[in-house]
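>>> model this:
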Amino acid sequence: MTVAGRKGRGLGLCSGGLDSTLAGLVLREQGVEVEWVAFETPFFSAAKARKAARLAGIPLTVRPIFPEYLGMLRSPRAGYGKAMNPCMDCHALMFRLAGDLMREKGFDFLFSGEVLGQRPMSQTRPSLHYVEKHSEMAGYILRPLSAKLLPETLPERQGLVDRERLLAISGRGRKDQIALAEKFGLTDYPAPAGGCLLTDKGFSARLRDLFDRQPGFGENDVHLLKFGRHLRLNPRAKLVVGRTERDNENLLRHRNAGRDTVLDVRDFPSPIGVLQGEPDEADIERAAGICVGYSKAPRGAPVDVVVTSPDGERIIRVVAVPPEEIRSLMVPPAV
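You can find the predicted model right below:
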């Protein structure tokens, strides 16, 4: 028996992976009106969610959440995983923000594609309980793929969802999900690989350096962590040097024109360098020499480097600093 003779309206967290897609289709199959929400930060995008929404025909809302996410990331209650991934607090934050949208748009409950026991840290019974408690959405979070193995939720008790038509999938295997995908005619879905940069140890080392050395950083500074070589010259200055043309484009795109210094070697193919922090003249000359060292300029001869800072543009002459001499400055350290 449904509430007021109707099925419910569910708002799901969508990563774009197979499990979140199946969760939406399982609910839609029994007549529930479903929509998705995906959140974006510099650490993960909604690209896969957008694709899943197109393929499944499920409406999707995408919301950027960097300020809220950063506040959580600086000091997650449950701590980090193997890198700087705060998975449990990340999920709790997303469900809390989704709860705000649920109330705003008149949905009855939230849902996700989480599978009990699939991830040993974030999808155990205690971790799922932690997420419900700290999201302030206890009772409103339905996990259709494992619902029969979990406590009954409010939408199930209210008759908005038919518990008997939900599933009891558990563990790290994918056989049940693949069979379900075949039933729904899903053939184009991503492999179950993580799309969060916070699980990457190298990226996390750069982020930790940013936290420790540049406390006033902004969103573009985080984007810069994805590109080029990062060298910590000293506590006050960091140099980012492009590896490819794409890196160079992204360094120029994300650098802070009102604060950062750009270094460009003249007359020779070379990477772009972006110098951050509060560098002095010695730092600028050293950074320019490092850029020359990564260029096609001859070693040992002075080379012109264009220095563009908030104070204007000028040219300095420096000698190449060989890459082998600055390996210890790499963030993370070169091995």
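>>> break this protein into its domains for me.
Domain assignment for the chain by automatic domain parsing gives 3-197, 200-329.
>>> format those as TSV; extra columns: mean pLDDT and mean neighbour count.
Every C-beta, even on glycine, is put in place using the N, C-alpha and C of the backbone. Shown next, in TSV, are those (pLDDT from 0 to 100; neighbours: other C-beta atoms under 10 Å):
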stretch	mean pLDDT	mean neighbour count
domain 3-197	94	18
domain 200-329	96	17
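>>> residues contacting the residue in the chain sticking out farthest from the centre?
Note on the chain: the largest C-alpha distance from the chain mean falls to residue 301, namely 43.1 Å (C-alpha atoms, centre = their mean). Neighbour list for residue 301: residue 319 [criterion: C-beta atoms under 8 Å, 6 or more residues apart in numbering].
>>> SS state for it?
coil (DSSP: H, G, I helix; E, B strand; the rest coil).
>>> with residue 263 instead?
Three-state assignment for residue 263 (three-state DSSP): strand.
>>> that one against residue 306, yeah?
Yes - using C-beta atoms under 8 Å, residue 263 is in contact with residue 306, at 7.3 Å.
>>> any idea what the nearest residue to residue 306 once chain neighbours are set aside is bridged to?
In space, and not counting its chain neighbours, residue 306 is closest to residue 264: 4.5 Å by C-beta to C-beta, 6 or more residues apart in numbering. Listed by DSSP bridges, the beta-bridge partners for residue 264 are residue 272, residue 306.
>>> so what's residue 264 up against?
Here residue 264 is in contact with 270, 272-273, 291, 305-306, 308 (C-beta under 8 Å, 6+ apart).
>>> which member of these is positioned nearest residue 159?
residue 272 (60.5 Å; C-beta to C-beta).
>>> give me the distance between stretch 51-64 and the centre of its chain.
Between the centre of stretch 51-64 and the centre of its host chain there is 17 Å, according to C-alpha atoms, centre = their mean, to the nearest Å.
>>> end to end, how far does that stretch reach?
One end of stretch 51-64 sits 17 Å from the other (C-alpha to C-alpha, to the nearest Å).
>>> residues in contact with it: which ones?
The contact list for stretch 51-64, computed with C-beta under 8 Å, 6+ apart, reads 14, 16-17, 20-21, 24-25, 28, 34-41, 46, 49-50, 97, 101, 186, 188-189.
>>> then stretch 304-317?
Contacts to stretch 304-317, defined as C-beta under 8 Å, 6+ apart, come from residues 257-267, 284-285, 288, 291-292, 302-303, 318.
>>> if we use 6 Å, what do you get?
With contacts defined as C-beta atoms under 6 Å, 6 or more residues apart in numbering, stretch 304-317 is touched by 258, 261-266, 288, 302, 318.
>>> what do you get for stretch 208-228?
Contact with stretch 208-228 is made by 42, 66, 206, 240-243, 247, 250-251, 254, 331, as judged by C-beta under 6 Å, 6+ apart.
>>> so what's the closest residue in space to residue 283 that isn't next to it in sequence bridging to?
Nearest residue to residue 283, sequence neighbours excluded (C-beta to C-beta, 6+ apart): residue 237, at 4.4 Å. Residue 237 has these beta-bridge partners by DSSP bridges: residue 234, residue 277.
>>> the chain: strands as residue ranges?
Under the criterion DSSP state E, the chain contains strands at 9-13, 33-40, 60-64, 109-111, 141-142, 229-234, 237-241, 261-265, 272-277, 303-309, 312-318.
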